[in-house]
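Colleague: coords below, sequence missing:
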């Protein structure tokens, strides 16, 4: 029980690191857009760089390493399936941003916490009261951080796309929990092929819809941010997620994912893009409290 609990604690810490990196990636994306890069091109380049970097790293690891790049049928097929779900989730989120506000997009995408909790209960794996309370706290916290308000709110197609994005991310967490519980999955191979799918579709979509914008891109200024998005925000983070989801549940990860807008807001404040307000502080407190409860308090099963 000791080593298993240690792996769960390590996985929780790694997932918080992942969401911190994802939070900073919002700043990196803004920098890339300022350099003239388009959304689909960013998706194609970041995931291709991530897959390439992870493949090279995996090839040169010692033969006995569990992260060595050793392709096998299960790992490749599972990675491609997870990549399709990742593509759908990012696709809905990207196009939602064109039709709705950032606040609405953040809130409705964050509903993945609710979807995971509800689907878990429907599958008769009922989460305890602690999970339900943390889910509610997280959603309210995300709403405060995102600046969401029902005053003047009118649902539109962008909001529907953001909800579908949240559902897709929730299903992706549950799919990874199921697939990565198998001992025969090579995490490096799985992650590489998971990233190749959105990369290929990103380049294909960019070639069709964004080709006219290529001459205006400042590739010199964008290079450092593309490397960050590819190596750190893709290769490192998705390998972290693959490892973590083999040890902790989709419900736990969906709650932890609510820290992403917190990190994004913190980095935005530190870099001078936004001002600190009491509303943000209240959102921070709710999300961090929910995260601590779900991460540190032992479940009934663990106590037994």
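Modeller: Sure thing, it's come through. Please read all numbers here as calculations on a predicted model, not as lab measurements.
Colleague: Low-confidence stretches in the chain?
Modeller: Confidence mapping of the chain against pLDDT under 70 gives the ranges 1-4, 97-98, 100-107, 122, 124-128, 146-156, 212, 273-274, 295-304.
Colleague: Apply 50 and report the result again.
Modeller: Residues of the chain that meet the criterion pLDDT under 50 lie in 1, 299-304.
Colleague: all helices for it, in order.
Modeller: Here the chain has its helices, by DSSP state H, at 2-34, 39-59, 73-96, 102-109, 112-122, 129-146, 157-179, 187-209, 219-227, 237-244, 250-256, 259-270, 278-296, 300-303.
Colleague: Does anything pack onto the third one? Which helices or strands?
Modeller: Right, helix 73-96. Judged by 3 or more C-beta pairs under 8 Å, 6 or more residues apart in numbering; DSSP states H and E, helix 73-96 is in contact with helix 39-59, helix 102-109, helix 157-179, helix 187-209. C-beta here means a position set from N, CA and C on the backbone, and glycine is covered the same way.
Colleague: residues in contact with that helix?
Modeller: With contact meaning C-beta atoms under 8 Å, 6 or more residues apart in numbering, helix 73-96 is reached by 39-40, 43, 105, 108-109, 158-159, 161-162, 164-165, 168-169, 171-172, 175-176, 179, 182, 184-186, 189-198, 201.
Colleague: Just the buried residues out of the residues you listed, in ChimeraX syntax.
Modeller: To isolate the buried ones among the contacts of helix 73-96 in ChimeraX, judged by 16 or more other C-beta atoms under 10 Å, type:
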select :39,40,43,105,108,109,158,159,161,162,164,165,168,169,171,172,175,176,179,185,186,189,190,191,192,193,194,195,196,197,198,201
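Colleague: correct me, but residue 138 touches residue 290?
Modeller: Yes - the pair residue 138 / residue 290 is scored as a contact, 4.7 Å apart, by C-beta atoms under 8 Å.
Colleague: Now list whatever residues contact both of these two.
Modeller: 255, 258.
Colleague: Now stretch 204-224: buried residues?
Modeller: Going by 16+ other C-beta under 10 Å, stretch 204-224 has these buried residues: 205-206, 210, 217, 222.
Colleague: Between which two of these is the distance greatest?
Modeller: Taking C-beta to C-beta, the two most distant members of the buried residues of stretch 204-224 are 205 and 222; they sit 18.5 Å apart.
Colleague: what's the neighbour count on the closest residue to residue 119 other than its chain neighbours?
Modeller: Take residue 119 and drop its neighbours on the chain: the residue closest to it by C-beta to C-beta, 6 or more residues apart in numbering is residue 174, 6.4 Å away. Residues lying near residue 174 (other C-beta atoms under 10 Å) number 23.
Colleague: okay if I get the helices and strands packed on helix 73-96 as JSON lines plus distance to residue 252?
Modeller: Output for the helices and strands packed on helix 73-96, formatted as JSON lines (distance: least, C-beta to C-beta, whole Å):
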{"stretch": "helix 39-59", "distance to residue 252": "24"}
{"stretch": "helix 102-109", "distance to residue 252": "18"}
{"stretch": "helix 157-179", "distance to residue 252": "9"}
{"stretch": "helix 187-209", "distance to residue 252": "18"}
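Colleague: Quick one, which of these gets closest to residue 285.
Modeller: Nearest to residue 285 among the helices and strands packed on helix 73-96 is helix 102-109; the distance by C-beta to C-beta comes to 17.5 Å.
Colleague: If we ignore the residues flanking it in sequence, what's nearest residue 261?
Modeller: Excluding its sequence neighbours, the residue lying closest to residue 261 (C-beta to C-beta, 6+ apart) is residue 145, at 4.7 Å.
Colleague: Pretty sure the one you found sits against residue 262.
Modeller: Yes - the criterion here is C-beta under 8 Å, and residue 145 meets it with residue 262 at 6.1 Å.
Colleague: what residues are up against residue 188?
Modeller: Shown in contact with residue 188 (C-beta under 8 Å, 6+ apart): 54-55, 57-58, 61, 67-70, 239.
Colleague: What residues does the closest residue to it other than its chain neighbours make contact with?
Modeller: Closest residue in space to residue 188, ignoring its immediate chain neighbours: residue 58 at 4.0 Å, by C-beta to C-beta, 6+ apart. Residue 58 makes contact with 67-69, 188-189, 192, according to C-beta under 8 Å, 6+ apart.
Colleague: related to what we said a few turns ago, just the buried members of the contacts of residue 188?
Modeller: Members of those classed as buried by 16+ other C-beta under 10 Å are 54-55, 57-58, 67-69, 239.
Colleague: How much space separates the closest residue in space to residue 61 that isn't next to it in sequence from residue 237?
Modeller: Computed as C-beta to C-beta, 6+ apart, the closest residue to residue 61 that is not its neighbour in sequence is residue 68, at 4.4 Å. Remark: distance between residue 68 and residue 237 (C-beta to C-beta, to the nearest Å) = 20 Å.
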